[in-house]
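Novice: Got a sequence here, can you model it:
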Amino acid sequence: MWSDPLLRRFGAAQLETLIVGLVLAVGVAGFGAAAVRGVDHHAPPELLDWQVSAIEDLTEADRAIFSALSVAAEDISWMSHDSGEWPAPEELGDVYLIPPFLKDAFWDENGRLDWQLLSSADASTGGATAYLGSGGTASRQSAYLLVFDQRPQGATYSNQKEIWVSPDADAPPPGGYASRRLILAGWKRVVAHTGADESTMGGGQ
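Specialist: Sure, this is the predicted structure:
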């Protein structure tokens, strides 16, 4: 039963509407606060010092090469899976017409890179396959390293791909392709978002 003063002031129907509105307002406010806390809690972690953001840290030419390499990596992976061999940069460009290996207008506008196949993994024993792009002529251009971590046949994961950049456009081939070796040589792994995928340094010794 509503109290007589409230009934006289609002009427039963109006008072009930007021109470329902207040309950809804409190519920919405609580949901909003929870949503804000959830967003803060799930915010992506900061990039580690051996990572760079493809969106925020790369130059225009670097972003173009990174995007092209990301697409090319899928094609290269399938070619290796189908043939058991890793295609040479010349084959990727001249035969399959795949940027950034293809010497076309895109190649000319984004540094005229020289590509090398540094190492080729064996499908049965695993290992690393690496493509190095260096000697770029674009302003503040990096050197690029596309690394495939080839797992032995039957492994759960195969052909894990990473793209690394060096601030030295003429960076020499690294001494190894494990993350720690690349980091010590001044390379940084490119991530395509604003947070890090992992919280610890990957790769072997």
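Novice: Just list what the one helix or strand Arg189 maps to packs against, helices and strands only.
Specialist: Applying DSSP states H and E as the criterion places Arg189 in strand 188-191. With contacts defined as 3 or more C-beta pairs under 8 Å, 6 or more residues apart in numbering; DSSP states H and E, the packing partners of strand 188-191 are strand 51-53, strand 160-166. For the C-beta atoms, the positions are set from N, CA and C on the backbone; glycine is no exception.
Novice: Could you list the domains of the protein?
Specialist: 4-41, 51-191 (automatic domain parsing).
Novice: give me every residue that touches Ser53.
Specialist: Neighbouring residues of Ser53 by C-beta atoms under 8 Å, 6 or more residues apart in numbering: 47, 190-191, 193-194.
Novice: and the gap between it and Arg63?
Specialist: Per C-beta to C-beta, to the nearest Å, Ser53 is found 10 Å from Arg63.
Novice: re earlier: redo the domains of the chain as CSV? Include mean pLDDT.
Specialist: Converted to CSV, these look like this (pLDDT from 0 to 100):
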stretch, mean pLDDT
domain 4-41, 45
domain 51-191, 92
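Novice: Just say which of those domains is most tucked in.
Specialist: Highest mean neighbour count of these: domain 51-191, a mean of 17 (counted as mean count of other C-beta atoms under 10 Å).
Novice: can you tell me the distance between the two ends of that one?
Specialist: 7 Å (C-alpha to C-alpha, to the nearest Å).
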